[in-house]
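Participant: got a sequence here, can you model it:
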Amino acid sequence: MTRALLIGTYTQKVPDVDGHGDGIVSAVFDGEMVADAVLAAPLANPSWLTANADGSRVYSVLETAPDGWVAAFARDGSGALSPLGTVSAGGAEPAHLTLDPSERFLVVGTYSGGSISVIALDDDGALGERVAFVQHRGSGPDARRQEGPHVHQLSFDPITGDLVVVDLGLGQVLFYGFGSNGQLTLRPEATISLGAAGPRHLAFHPDGQHAFVVNELGNTVDVLRRSGDRFERVGGASTRPADATGDSTTAAVRVSPSGATVFVTNRGDDTVAVFSFDAADGLTLVATEPTRGKAPRDLIVTPDGDRVLVANQDTDSVAVFSFDEETRSFEFLSLAPVPTPVCLRLV
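Facilitator: Purely as a prediction, here's the structure:
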């Protein structure tokens, strides 16, 4: 089945990325390849995108400093994006945003700013007023990368509705109660500290009872299990084989629709780490697949679980693989040119 694909890019040179895109890219994915890639919206550093359930509204960060921004778009039947306005992200270099389950609020986290903002949405999806703001404070053990708070990802707990915030700078995963009016209430007893491992992103298992945290600095994945009204760490694994050499850092973590496979991108090794998972045996690294490019940033798995797409940031390409979950084997299908791709979103 042919699907529309939105791709976030870097458009500017930043300390760790030589961005040379032009904005949000729109493309078509036919199951074998990514084609017809065109500029959908000129925008500065739209490095993370999200969309509502029916794909009619699209939201993007503008990862800029000293001020970061959030942009909203209406998306019509042809896939064209029409601007609905921009608002401040509440800090420098917003790295992530997500819609709450009701799609009444947009939540954005800033990396350099170390903050979280909740923005109310109008009935047409346009950006309204900021209804909540939280400023993280503190630091982590790594003096170079954790000198201050760095909010890297936001998601909603599918069972409790809590906002889950992964802060790489603090080395913590924090849980906030999310009120019906968008207000945030920290649940300090639920905080998970992962320290110098540098937590970057979190993905929930389909059962809602487990979650996986990928650690950028430690090149590891931690397994969390629900215990009462919070999660506890119950295991983990390295994203690199024992004989790996050189520098590498992780980026994305995704779970297959069945929950039996966890995928992580390794930047440096330039591979996808493939893990088997079940509640009894935990997480086991079973394979690493070269991504046919450098610095694989984002990765997505199609809803049927048999295709994996990878954004190769530093070699300007999106790779497509078929995936057999029974054997956990990949087959390389195609490589599409896209400038500095860093976020993939099927709509």
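
Participant: as a quick check, tell me the outermost residue of this protein.
Facilitator: D243 (27.9 Å; Cα atoms, centre = their mean).

Participant: can you tell me the SS state at it?
Facilitator: Three-state call for D243 (DSSP: H, G, I helix; E, B strand; the rest coil): coil.

Participant: ok, the helix or strand bottoming out on mean pLDDT in the chain: who's next to it in the sheet?
Facilitator: Within the chain, no helix or strand scores below strand 13-14, which has a mean of 90 by mean pLDDT, DSSP states H and E. According to DSSP bridges, strand 13-14 forms sheet pairs with strand 17-18 (antiparallel).

Participant: tell me the mean pLDDT for the partner strand?
Facilitator: The average of the pLDDT scores along strand 17-18 is 94.

Participant: now do stretch 32-41
Facilitator: For stretch 32-41, mean pLDDT is 97.

Participant: bridged to G23, which residues?
Facilitator: The partner list for G23 in beta bridges (DSSP bridges) reads P42.

Participant: list the residues that contact it.
Facilitator: For G23, the contacting residues are T9, T11, L39, A40, A41, P42, L43, A44, P46, by Cβ atoms under 8 Å, 6 or more residues apart in numbering. (C-beta placed from N, C-alpha, C; glycine too.)

Participant: give me that answer again for 7 Å
Facilitator: For G23, the contacting residues are T9, T11, L39, A41, P42, L43, P46, by Cβ atoms under 7 Å, 6 or more residues apart in numbering.

Participant: shouldn't G177 be in contact with A190?
Facilitator: No. When contacts are counted by Cβ atoms under 7 Å, G177 is not listed as touching A190 (9.6 Å).

Participant: who has more neighbours, these two?
Facilitator: Each of G177 and A190 has its neighbours counted (other Cβ atoms under 10 Å); A190 has more, 20 against 14.

Participant: that one against F175, yeah?
Facilitator: Yes. At 4.0 Å, A190 counts as touching F175 under the criterion of Cβ under 7 Å.

Participant: what pLDDT does the closest residue to T291 other than its chain neighbours get?
Facilitator: For T291, ignoring the flanking residues on the chain, the nearest one in space by Cβ to Cβ, 6 or more residues apart in numbering is V310 at 4.8 Å. Looking at V310, its pLDDT stands at 98.

Participant: distance check, V310 against R240.
Facilitator: V310 sits 17 Å away from R240, going by Cβ to Cβ, to the nearest Å.

Participant: compare those two and say which is more crowded by neighbours.
Facilitator: Neighbour totals were compared for V310 and R240, and V310 leads with 29 against 21 (other Cβ under 10 Å).

Participant: wait, doesn't that one sit right on A319?
Facilitator: Yes. If you go by Cβ under 7 Å, V310 and A319 touch, sitting 4.6 Å apart.

Participant: spit out the residues that contact the two alike.
Facilitator: Shared contacts of V310 and A319, defined by Cβ under 7 Å, 6+ apart, comprise T291.

Participant: let me have the contacts of G23 in CSV, extended by distance to T98 and neighbour count.
Facilitator: What follows is those, written out as CSV (distance: Cβ to Cβ, whole Å; neighbours: other Cβ atoms under 10 Å):
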residue, distance to T98, neighbour count
T9, 19, 27
T11, 22, 22
L39, 24, 15
A41, 19, 20
P42, 24, 11
L43, 18, 26
P46, 15, 29
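
Participant: distance to D229 added to the residues you listed, as a markdown table?
Facilitator: A markdown table is the format used below for the contacts of G23 (distance: Cβ to Cβ, whole Å):
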| residue | distance to D229 |
| --- | --- |
| T9 | 39 |
| T11 | 42 |
| L39 | 46 |
| A41 | 41 |
| P42 | 45 |
| L43 | 39 |
| P46 | 36 |
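
Participant: ok, those vs R328, which is closest?
Facilitator: T9 (30.3 Å; Cβ to Cβ).

Participant: buried ones in the helix or strand harbouring T284?
Facilitator: If you go by DSSP states H and E, T284 is part of strand 282-290. Using 16 or more other Cβ atoms under 10 Å as the test for burial, strand 282-290 gives G282, L283, L285, A287, T288, E289.

Participant: next one: stretch 20-35
Facilitator: G21, D22, G23, I24, V25, S26, A27, F29, V34.

Participant: between those, which is nearest A203?
Facilitator: Of all these, A203 sits closest to F29, with 20.7 Å by Cβ to Cβ.

Participant: run a quick neighbour tally on the residue nearest to that closest one when sequence neighbours are not counted.
Facilitator: Closest residue to F29 in three dimensions, ignoring its sequence neighbours and counting by Cβ to Cβ, 6+ apart: L5, at 4.6 Å. L5 has 24 neighbouring residues, counting by other Cβ under 10 Å.

Participant: need the residues that contact the helix or strand encompassing L5.
Facilitator: Using DSSP H and E, L5 sits within strand 3-9. The contact list for strand 3-9, computed with Cβ under 7 Å, 6+ apart, reads 19, 21, 23-29, 34, 46-49, 58, 60, 79, 318, 338-347.

Participant: then stretch 263-281?
Facilitator: Contacts of stretch 263-281 (Cβ under 7 Å, 6+ apart): 210, 214, 221, 237, 239-240, 244, 246-254, 259-262, 283-291, 293-297, 299, 301, 308, 310, 328.
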